[in-house]
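> Predicted model and sequence follow; I will ask about them next.
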Amino acid sequence: MAIRVVRLGSPRANNEGLRIGTVRRPPRGVPKSEFARQDWYDVWFPNLAPSLQTMKQAQQAKTPAEWTAFTRRYRAEMATPENAHAIALLAAMSHGSDFSVGCYCEHESHCHRSVLRELLAAAGADLAH
């Protein structure tokens, strides 16, 4: 059992389980009834997405220092009690279920999901590789 960290919209892996979209907004131009069928996500969970301002900071980050500033800000958002509880819940669920979390960004290394992966690992989650 484990959590996969995925790019939303990519083909699902075997035994991936429930796909959770940790994004600020649903995919544009896609009817809600098609989200799961088109491999976007089964459940939308924007609580673990960066705030709009923080997301813009990530999109504009061009230097390592700017990316570090984004990660610091996103980690602070995820440290709020509500979000920390959500991360702890997902980490605990990973010991008994297969599921995935994801975002639309093409490259995980320049996406909040890279930080979310670290936060889940720090909370004791079983992560698929």
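Looks like it came in fine.
> Can you tell me the number of residues neighbouring the nearest residue to R73 once chain neighbours are set aside?
Excluding its sequence neighbours, the residue lying closest to R73 (C-beta to C-beta, 6 or more residues apart in numbering) is T54, at 5.0 Å. C-beta coordinates here come from the backbone N, C-alpha and C atoms, glycine included. If you count neighbours by other C-beta atoms under 10 Å, T54 ends up with 20.
> can you check C111 too?
As a burial measure, C111 scores 20 neighbours (other C-beta under 10 Å).
> my guess is it meets V101, correct?
No. The criterion here is C-beta atoms under 8 Å, and C111 misses it with V101 at 11.5 Å.
> returning to that earlier point: didn't the residue nearest to R73 look like it was pressed against Y74?
Yes. T54 is in contact with Y74 according to C-beta under 8 Å; the separation is 5.5 Å.
> Give me the distance from the longest helix along the chain to the chain's centre.
Across the chain, the longest stretch assigned as helix under DSSP state H is helix 64-78. On the basis of C-alpha atoms, centre = their mean, to the nearest Å, helix 64-78 sits 15 Å off its chain's mean C-alpha point.
> Give me the helices and strands touching whichever helix or strand comes after it, please.
Using DSSP states H and E, the helix or strand that follows helix 64-78 in sequence is helix 81-93. Other helices and strands packing on helix 81-93, by 3 or more C-beta pairs under 8 Å, 6 or more residues apart in numbering; DSSP states H and E, are helix 64-78, strand 99-103, helix 112-122.
> Could you tell me which residues touch both of T54 and Y74?
Residues touching both T54 and Y74 by C-beta atoms under 8 Å, 6 or more residues apart in numbering: none at all.
> In this structure, what helix or strand scores lowest on average pLDDT?
Of all helical and strand segments in the chain, the minimum by mean pLDDT, DSSP states H and E falls on helix 52-60, at a mean of 93.
> That helix relative to helix 64-78, how many degrees between them?
150 degrees (axes from the mean of the first three to the mean of the last three C-alpha atoms, to 10 degrees).
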